[in-house]
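Student: curious how this folds, go ahead:
(chains A, B and C)
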Amino acid sequence: MIVKLLAASLRANLHYRASFFMQTVAAALITCVEFLGIWALFSRFGSLPGWSLPEVALFYGLINTAFALTDLFSRGFDMFADTLRVGDFDRVLLRPRAAALQIAGQDLRLRPLGRLAQGAVILAWAAAHVAWTPDRAALAALSLAGSFCLFYGLLVFQATIAFWTIDSLEMMNSLTYGGVYAGGYPLDIYPLWFRRTFTFAVPLACVNWYPVLAILGREVPPAAAWLAPLAGPAFLGIALMAWRVGVGRYASTGN
Amino acid sequence: MPQILVENLVKTFRVAERRPGLAGAFAGLFSRKHRTVRAIDGVSFSIEAGELIGYIGPNGAGKSTTVKALSGILVPDSGRCEILGRTPWKDRVAHVARIGVVFGQRTQLWWDLPVTESFELLRDIYRVPAEDFLKRRDELVALLGLGPVLDTPARQLSLGQRMRCDLAAALLHAPPILFLDEPTIGLDASAKLAVRDFVKRLNRERGVTVILTTHDMDDIEALCERVMVIADGRILSDGTLAKLRQSVTRERWLTLDLVEEKGAIEDPDARVVERDGLRVRLAFDPEKVSPAVLVARIAARHPVRDLFVENPPIEAIVARLYGELKP
Amino acid sequence: MTPYLAVVSARFRVLLQYRAAAFAGVVTQTFFGFVRLAILLAFFRAASGPQPMTPADLPAYIWLGQAMFQMVPWSLDREVAALVRTGGVSYELLRPVDLYNQWFARALALRTAPVLLRALPMVVLAAAFFGLGPPPSAASGLAFAASVAAALLLSCALTVLLNVTLMWTLSGEGVSQLVLVTVIVFSGLVIPLPFFPDWFQPVVTALPFAGLMDTPLRLYTGNIPATDAVAFLTRQVAWTLALVLAGRALLARGTRRLVIHGG
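Tutor: Residues are numbered from 1 along each chain as shown, chains lettered A, B, ... in the order given. Next up is the predicted model:
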């Protein structure tokens, strides 16, 4: 059903071709510019202590690709505060399917394709510098999947908060866009408290840092590299439980 | 066992009070005053399969709260509700698969998609078997005359076309119960007639139970045998239109077309409801004075060209009813 | 002057209502500032030769940049954009005020109000926890203040120019996104402008965007010595004048078109 809903949204969006095209190009440009900044710093300083540009690019490429994929399929949650405000959520509840599935299928925007293309290109470039083994390839896939779930979980949380307040929701951008920005670099450049936050509260380190360390052949316990990405789906699961509580609250307060 | 059973439904809301001014807004950041509003306050009724019920009341009386609870998207504080043997809010998904809901002011069609594609998405959402879907869709398209607009995106439809499409969309899964919320709002006269005609046939021929909330008393008069009036969260009156009339007023209206426009019409047993040039409308109580006597008395003083006696329109009854509620 | 003051104050009151957005903005900008600073400082740990900025310059550059982020013309004035799109701009012409000045006044409020709400808490936070210090000298502080004022006017001139271009191209969203990219890169919001490669520096300095953010920030840190302030301020003012003149000329042509073709 989700696939059909998303396909419908896509067909609807294609009516606005010009604006869609401009938006995608602009989105790609913005993320390109970000990476150009990294490149400029490397060309001026030579290296980040302990990391080469291709290595940083692997962190950056993986996390941006994953986030772009999330962004592509989570528009309904991202815009949920609006759905709630105009009263369209009632309509969702009047249909005999799980509300979360309907929201997930509500809207598909192609704008994240810009980030996706750019992330994938950087990822491919970084990958060309990695000595691949089947294990490492599997870890990369695991990292992508884990990051996708983690970001999806963050957006579900953002939507859930909207059941209580729609003020200050943009704060969640620190964790989504901010998380992508911070996670595009090796986490050891940040202070300890920051790394802990992004390991235990929002497990960005688990889905990106540890598996990438293993892919790059750095010292890391295999258990950490292989198990850590599971924190992504776990986080999404918790977010969906919170979502159910939110829907329950909506049904008892009416908005 | 009635199809819809509602007992003592209560729902209260907490409403945050906004304080005026900048200082108030600032204080509102830290503490908010709430007051409790009883949206519905002990509503009870039962509905048998195949009834066509008008549910009316002033704005804010609790109509939409009731309808939301009945459709399973709002959980009441207390009270019982069973529809087709289920409590709507306890088993939302199973419940909503068996009802249809149409909001006059909102569409459930996908704005940018051709109507027929919206229908197909609904088929998937409601898991309607392909054969049933095709059969039912073709019937509805024929009944509502939707053929010419099937390939039009919803945003390009006129209000009347859109409403007909929304009716079809709500019925694709053949629900035995249909909730209609202001289905004729904003429609032109012919579109209203088309909608009413369709609803009537749906009810008479298919036995679909229809609960209609509306402000348009013509809808009620044209469609409903039974009318429930809600105000301030309580059911004020529940019964046939005739019973509603009687409970509010025994008044009848006498309309006179005079020959000449002069002099005030006065009579101890009647009061003037309106006067427009040569036409005068009087309200009187037939228990106190018979229409024949009243006409004779007035005709003695003012030459009358034509006259007729009628029941006051339902609008006047309802206005009266609401008016009596106000303190 | 009074009608324009009224425009500024009315817009101000509207924009000040977005307290919740401001609060969210402070949190988000603080987060990004923290990460940007950590990244730049990490690069310095590997630096061998002398660099165009010192690590000591960075906290002020980053934090003041984050605090004043809303001052750069990173979007158009949405309401004006809507006016132009719907043709409502014709009605604006009926008012007995100069349209350019009115739009400029709106831009002034648009670019200042969000900054006023956000800058103070961010500066306090950054000074308390993230190493933002005072400028090296009173002269640097003064030069900074003057340069911020000039940056604001430059930003407004650009905003109005963007509004005016809408009279020709109607896909406002696309334009606004491309402008955003240009502005954040060339005003120093991605990385401080001195870190761009040396061969690229002439391009960066030739464009007007450095005056939006980079110039005042570097004056504050002393990276541009206060003695050079006059030259940089002159550049900012010159660009502002040029953009105002261009904006006025285009607006005059645009309104003539409107009047002739009936919008």
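Student: for chain B, what's its nearest residue on the stretch 1-150 of chain C.
Tutor: Using CB to the nearest CB, the closest approach of the stretch 1-150 of chain C to chain B is made by residue C:19 at 7.6 Å. Using the backbone N, CA and C atoms, a C-beta is placed for each residue, glycine as well.
Student: counting neighbours, what do you get for the closest residue to that residue other than its chain neighbours?
Tutor: Among residues not flanking residue C:19 along the chain, residue C:117 sits closest, at 7.2 Å (CB to CB, 6 or more residues apart in numbering or on different chains). Around residue C:117 there are 19 other residues, counting by other CB atoms under 10 Å in any protein chain shown.
Student: ok, residue B:196 next?
Tutor: Count around residue B:196 with other CB under 10 Å applied: 20.
Student: secondary structure element for the nearest residue to it once chain neighbours are set aside?
Tutor: Nearest non-adjacent residue to residue B:196, counting by CB to CB, 6+ apart: residue B:222, 5.0 Å away. Applying DSSP states H and E as the criterion places residue B:222 in helix B:217-223.
Student: returning to that earlier point: the residue nearest to residue B:196 and residue B:192, how far apart?
Tutor: Counting by CB to CB, to the nearest Å, the separation of residue B:222 from residue B:192 is 9 Å.
Student: which of the two has more neighbours?
Tutor: Per other CB under 10 Å, whichever of residue B:222 and residue B:192 has more neighbours is residue B:192, with 20 against 15.
Student: mind checking how far the residue nearest to residue C:19 is from residue C:123?
Tutor: Shown here: residue C:117 relative to residue C:123, a distance of 12 Å by CB to CB.
Student: same question for residue C:80.
Tutor: Applying CB to CB to residue C:80 and residue C:123 gives a distance of 30 Å.
Student: what about these two, which has more around it?
Tutor: residue C:80 (25 against 16).
Student: tell me the predicted confidence for whichever residue of the stretch 51-200 of chain B sits closest to chain C.
Tutor: Proximity of the stretch 51-200 of chain B to chain C (CB to the nearest CB) peaks at residue B:112, 17.2 Å away. Residue B:112 is assigned a pLDDT of 83 by the prediction.
Student: can I assume it sits in a helix?
Tutor: No - Residue B:112 is assigned coil when assessed by DSSP: H, G, I helix; E, B strand; the rest coil, not a helix.
Student: lowest-confidence helix or strand of chain A?
Tutor: helix A:2-13 (a mean of 76; mean pLDDT, DSSP states H and E).
Student: only the buried residues of stretch B:298-308, if you could.
Tutor: B:298, B:302, B:307 (16 or more other CB atoms under 10 Å in any protein chain shown).
Student: tell me which residues touch the residue nearest in space to the middle of chain A, please.
Tutor: By CA atoms, centre = their mean, chain A has its centre lying nearest to residue A:67, at 2.9 Å. Contacts for residue A:67 (CB atoms under 8 Å, 6 or more residues apart in numbering or on different chains) come out as A:115, A:119, A:147, A:151, A:176, A:180.
Student: give me the three-state assignment for it.
Tutor: Recorded secondary structure, residue A:67: helix (three-state DSSP).
Student: repeat for the one 3 residues further on
Tutor: Applying three-state DSSP to residue A:70 yields a three-state assignment of helix.
Student: now do it: how many residues are near it, please.
Tutor: Counted with other CB under 10 Å, residue A:70 comes out at 24.
Student: quick one on the thing from earlier: where's the residue nearest to residue C:19, which helix or strand?
Tutor: helix C:99-129.
Student: off-centre distance for that helix?
Tutor: With CA atoms, centre = their mean, to the nearest Å as the basis, helix C:99-129 stands 10 Å off its chain's centre.
Student: name the next helix or strand downstream of that helix, please.
Tutor: helix C:138-165.
Student: ok, the closest residue to chain C within the stretch 201-327 of chain B - how many residues close by?
Tutor: Residue nearest to chain C within the stretch 201-327 of chain B: residue B:215 (31.8 Å; CB to the nearest CB). Counted with other CB under 10 Å, residues neighbouring residue B:215 total 16.
Student: how about residue C:224, secondary structure?
Tutor: Here residue C:224 is coil, with the state taken from three-state DSSP.
Student: leaving out the residues flanking it, which one is nearest to the residue of the stretch 51-200 of chain B closest to chain C?
Tutor: Leaving aside its chain neighbours, residue B:112 sits nearest to residue A:12 (3.4 Å; criterion: CB to CB, 6+ apart).
Student: returning to that earlier point: run a quick neighbour tally on the residue of the stretch 51-200 of chain B closest to chain C.
Tutor: 18.
Student: next, it: phi, psi?
Tutor: phi -100, psi 0 (degrees, to the nearest 10).
Student: picking up where we left off before, which residues touch the residue of the stretch 201-327 of chain B closest to chain C?
Tutor: By CB under 8 Å, 6+ apart, residue B:215 lies in contact with B:56, B:182, B:185.
Student: for the stretch 1-150 of chain B, just list every one of the strands.
Tutor: B:4-17, B:33-47, B:52-56, B:78-83, B:99-103 (DSSP state E, counting those that start in this stretch).
Student: how much space separates the residue of the stretch 51-200 of chain B closest to chain C from residue B:212?
Tutor: For residue B:112, the distance to residue B:212 equals 30 Å [CB to CB].
Student: please apply the same query to residue C:96.
Tutor: For residue C:96, the distance to residue B:212 - CB to CB - is 54 Å.
Student: between those two, which one's more packed in?
Tutor: Neighbours per residue (other CB under 10 Å) separate residue C:96 from residue B:212, with residue B:212 holding more: 26 against 5.
Student: surely that one is within a strand?
Tutor: Yes - assessed with three-state DSSP, residue B:212 lies in a strand.
Student: name the nearest residue to it, ignoring sequence neighbours.
Tutor: Using CB to CB, 6+ apart, the nearest residue to residue B:212 is residue B:180, at 4.7 Å.
Student: pretty sure that neighbour sits against residue B:213.
Tutor: Yes - using CB atoms under 8 Å, residue B:180 is in contact with residue B:213, at 7.1 Å.
Student: of the two, who's got more company?
Tutor: Taking neighbours as other CB under 10 Å, residue B:180 and residue B:213 compare with residue B:180 leading, 28 against 23.
Student: kindly state the beta-bridge partners for the more buried one.
Tutor: Using DSSP bridges, the beta-bridge partners of residue B:180 come out as residue B:102, residue B:212.
Student: need the pLDDT of it.
Tutor: At residue B:180, the pLDDT value in this model is 93.
Student: can you check residue A:93 too?
Tutor: pLDDT at residue A:93 comes out at 91.
Student: again with residue B:26
Tutor: For residue B:26, the predicted pLDDT is 53.
Student: please apply the same query to residue B:298.
Tutor: Residue B:298 is given a pLDDT of 85.
Student: quick one, what contacts it?
Tutor: B:256, B:265, B:267, B:282, B:304.
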